[in-house]
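# take this sequence and fold it.
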Amino acid sequence: MSQQAKPWGGRFTEATDAFVESFTASVGFDLRLYHHDIEGSIAHASMLAAVGVLTESERDSIVSGLKEIHKEIDEGRFEWHVALEDVHMNIESRLIELIGDTGKKLHTGRSRNDQVATDIRLYLRDEIDTLIDIESELLAALLDFAEEQADTVMPGFTHLQPAQPTTFGHHLLAWFEMLLRDRERLVDCRRRVNILPLGSAALAGTTFPIDREQVASMLGFEGICENSLDGVSDRDFAIEFCSVASLTMVHLSRWSEELVLWASQQFSFIELPDRFCTGSSIMPQKKNPDVPELVRGKTGRVVGNLTALLVLMKSQPLAYNKDNQDVPNRCGPLQPPASPRPPTWPTTWYATTCLSATPTKSSAAASASR
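Residues are numbered from 1 along each chain as shown. Got it, this is the predicted structure:
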């Protein structure tokens, strides 16, 4: 791609160095935002038509082109180009190919700075809604299983030493309380995610007569960012989400540790179903609780994302800086656009598998009586 073909290439006389082009590209991970980028662009185009910046015909052409691009991505036919740097420029370039110069008008009154901030908020809002549903499913399963195990005696531990008799149901309700707090934190976090930055433009707004409230309404945002400098540079909401996610994974890791212990021959409190365990290539007697071990291990990745974002933000002056390019890479699992989406969190596994573990009542009760 020639330097002049880049949207920002007007003042440059040299082509971008190949290494720099590759190093500064984010399309390898921010392509996950494609649905939300297109959703935001459709709302933006509709608003531009409503205030008279676009004609209705231009709006319809842009919206039709964006929907065609969405279909291409969904079907795996879309060609992503590193030279176009990110999800926004890849989609915009394809739009111009499809509908001509009218596609260039879509960027009127906005910058990639407020565009990506909007995309991330839309993406995180959907992820939070998914997580709330998954955690609600797990909470219901925990509650039902706790009621079933209300009379199953087991030892309560302090310092991993048997301390007082309790029941398996009571222990499960301790897990329930942890997850209930996690869900409450997600609900609270969602309020601060659900604010629209679009309209902040690069950092100081735009002279076009845009209607931010209309866009907020179309996209389901509860309010708009009141300060444009903060609107394009704020990533507190992403850090807060990663904090909530980290604490949730810490809880799941604690549960996983207990499952691993309870399933061991030393404890023999529970029997995990064969279909959720693995074996050994050299020791045929082994039945390994790999899934809870992996949940425990993957907690480090989530906590690491929180640490990465905190360090990424700590020295940034206002307003937007390229450092923030890595934020989408820290807010969720990278999934190719056309691939089947697995459960976002291990909570679904707990709801459907761990809770099918069979308590070994005799072993637990004997331990509790000692």
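
# can you name every helix or strand that the helix or strand where Leu294 lies contacts?
For Leu294, the host element (DSSP states H and E) is helix 290-313. In terms of contacts (3 or more C-beta pairs under 8 Å, 6 or more residues apart in numbering; DSSP states H and E), helix 290-313 is packed against helix 236-263. Just so you know, the C-beta spots here come from the backbone N, C-alpha and C atoms, and that holds for glycine as well.

# now the helix holding Leu294: buried residues?
Neighbour-count burial for helix 290-313, with 16 or more other C-beta atoms under 10 Å as criterion, is recorded at 291-292, 295-296, 298-299, 302-303, 305-306, 308-309, 312-313.

# export it to CSV, keeping only CA atoms.
C-alpha atoms of helix 290-313 as CSV (Å, rounded to 0.1, in the frame of the first residue of the first chain):
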residue,chain,number,x,y,z
ASP,A,290,-6.7,-31.8,34.3
VAL,A,291,-9.6,-29.4,33.9
PRO,A,292,-9.5,-27.9,37.4
GLU,A,293,-5.7,-27.9,37.2
LEU,A,294,-5.9,-25.8,34.0
VAL,A,295,-8.5,-23.5,35.5
ARG,A,296,-6.1,-22.9,38.4
GLY,A,297,-3.2,-22.4,36.0
LYS,A,298,-5.1,-20.0,33.6
THR,A,299,-5.8,-17.7,36.5
GLY,A,300,-2.3,-16.4,36.1
ARG,A,301,-3.1,-15.2,32.6
VAL,A,302,-6.1,-13.2,33.7
VAL,A,303,-4.3,-11.7,36.7
GLY,A,304,-1.4,-10.9,34.3
ASN,A,305,-3.7,-9.0,32.0
LEU,A,306,-4.8,-6.8,35.0
THR,A,307,-1.1,-6.1,35.9
ALA,A,308,-0.3,-5.4,32.2
LEU,A,309,-3.1,-2.8,32.0
LEU,A,310,-2.1,-1.1,35.2
VAL,A,311,1.5,-0.7,34.1
LEU,A,312,0.4,0.3,30.6
MET,A,313,-1.6,3.2,31.9
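
# what comes into contact with that helix?
Here helix 290-313 makes contact (C-beta atoms under 8 Å, 6 or more residues apart in numbering) with 235, 238-239, 242-243, 245-246, 249-250, 252-253, 255-257, 259-260, 276-278, 323-324, 326-327, 330-331, 346, 349, 353-354.

# distance from the chain centre to it, please.
Helix 290-313 sits 13 Å away from the centroid of its parent chain (C-alpha atoms, centre = their mean, to the nearest Å).

# next: stretch 273-287.
Offset of stretch 273-287 from its chain centre (C-alpha atoms, centre = their mean): 33 Å.

# only C-alpha atoms, please: export stretch 64-73 in PDB.
The C-alpha trace of stretch 64-73 is given here as PDB (Å, rounded to 0.1, in the frame of the first residue of the first chain):
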ATOM      1  CA  SER A  64     -25.600  -1.700   3.100                       C
ATOM      2  CA  GLY A  65     -21.900  -1.800   2.600                       C
ATOM      3  CA  LEU A  66     -21.100  -2.300   6.300                       C
ATOM      4  CA  LYS A  67     -23.600  -5.200   6.500                       C
ATOM      5  CA  GLU A  68     -22.000  -6.800   3.500                       C
ATOM      6  CA  ILE A  69     -18.600  -6.500   5.200                       C
ATOM      7  CA  HIS A  70     -20.000  -8.100   8.400                       C
ATOM      8  CA  LYS A  71     -21.300 -11.000   6.300                       C
ATOM      9  CA  GLU A  72     -17.900 -11.400   4.600                       C
ATOM     10  CA  ILE A  73     -16.200 -11.500   8.000                       C
END
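
# thank you kindly, that will do.
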